[in-house]
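Q: Pasting a predicted model and its sequence here:
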Amino acid sequence: MSKLSQDRLTECLETILKYSTDTKKRNFVETVELQIGLKNYDVARDKRFSGSVALPHICKPKINVLIIADQKHVYECEEKKMDFIDVDGLKAFKKNKKQIKKWANKFDALIASDSLIRQIPRIAGPQLNKMGKFPSPVSHDVALEDKISELQHTVKFTMKKVLCLGVAVGHVGLTIEELRENLTLAINTLIGLLKKGWQNIGSLNIKSSMGPVQRLY
């Protein structure tokens, strides 16, 4: 974070929170997004990076999750009234790319029983992986609520075919200090993934869902 001015970071966060809570308060909790512009990267030739980190404070307060469940998790989902699909439900798609894409896009994230993880590419084909929606594994030793909470704290950086990406790093219900902690860890993680570190950063902006962009770097 040495390249970033802490004063500028505080100023940006104050502006975002003031706009969202005073100037134009919405009837939902706005997400705070980090927008990254990359440079000195050849998307055709350079190796694409991918990495994730669990942030100290929830970055996605509302998340729509589906569980790809084995029989034991089916019982847990039914008991806790959670959305799920079993193996037979996946097989019903018959690897149809359009149907799988339409179905998966209804959810922010997918979770799968760890006993099923290796079967999913064989049953559903490569589509979920191509979409960046391949499910996170969950064992029976972890409560589904805890796994969902982990996803709410996790930010994922994935290099695609363009030189820009955006990730949720918090929401306007957090304090400036909480947002600062989330942003610091998220940016440090991103820098660690990049081939040339800060030399690959063209710009860093932050904004709330409906608010104006604030230039960080």
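A: Looks like it arrived, so ask away. Keep in mind it's a predicted model, so treat the numbers as computed, not measured.
Q: CA atoms for contacts and neighbours, from now on please.
A: OK.
Q: Quick one: mean pLDDT for the helix or strand harbouring residue 51?
A: In the assignment (DSSP states H and E), residue 51 maps to strand 50-54. On average, the pLDDT along strand 50-54 is 91.
Q: Outside of it itself, list whatever touches it.
A: Here strand 50-54 makes contact (CA atoms under 8 Å, 6 or more residues apart in numbering) with 150-151, 153-159, 186, 189-190, 193.
Q: all strands for this protein, in order.
A: 31-38, 50-54, 65-68, 84-85, 109-113, 136-138, 154-158, 164-171, 201-208, 214-215 (DSSP state E).
Q: Send me the second one as CSV with only the CA atoms.
A: Taking only C-alpha atoms (Å, rounded to 0.1, in the frame of the first residue of the first chain), the coordinates of strand 50-54 have been written out as CSV:
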residue,chain,number,x,y,z
SER,A,50,-6.4,-15.9,-10.2
GLY,A,51,-6.5,-15.6,-6.5
SER,A,52,-8.8,-14.9,-3.6
VAL,A,53,-8.6,-13.6,0.0
ALA,A,54,-11.0,-13.6,2.9
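Q: For residue 142, grab phi and psi.
A: In terms of degrees, to the nearest 10, the main-chain angles of residue 142 are phi -110, psi 130.
Q: Bridge partners for residue 65, pull those for me.
A: On the basis of DSSP bridges, residue 65 is bridged to residue 109.
Q: That one and residue 158: what is the separation?
A: 20 Å (CA to CA, to the nearest Å).
Q: ok, the two, which is more surrounded?
A: Set residue 65 next to residue 158 and count neighbours by other CA atoms under 10 Å: residue 65 wins out with 18 against 15.
Q: quick one: the more buried one and residue 85 touch, right?
A: No: counting by CA atoms under 8 Å, residue 65 does not reach residue 85; the two are 11.2 Å apart.
Q: Need the per-residue pLDDT for the nearest residue to residue 97 once chain neighbours are set aside.
A: The shortest distance from residue 97 to any non-neighbouring residue, by CA to CA, 6 or more residues apart in numbering, is to residue 127 (6.1 Å). We have a pLDDT of 90 for residue 127.
Q: Helices along this protein, start to end?
A: Assignment of helices within the chain using DSSP state H yields the ranges 6-18, 71-80, 87-91, 97-104, 120-124, 127-130, 144-153, 176-193.
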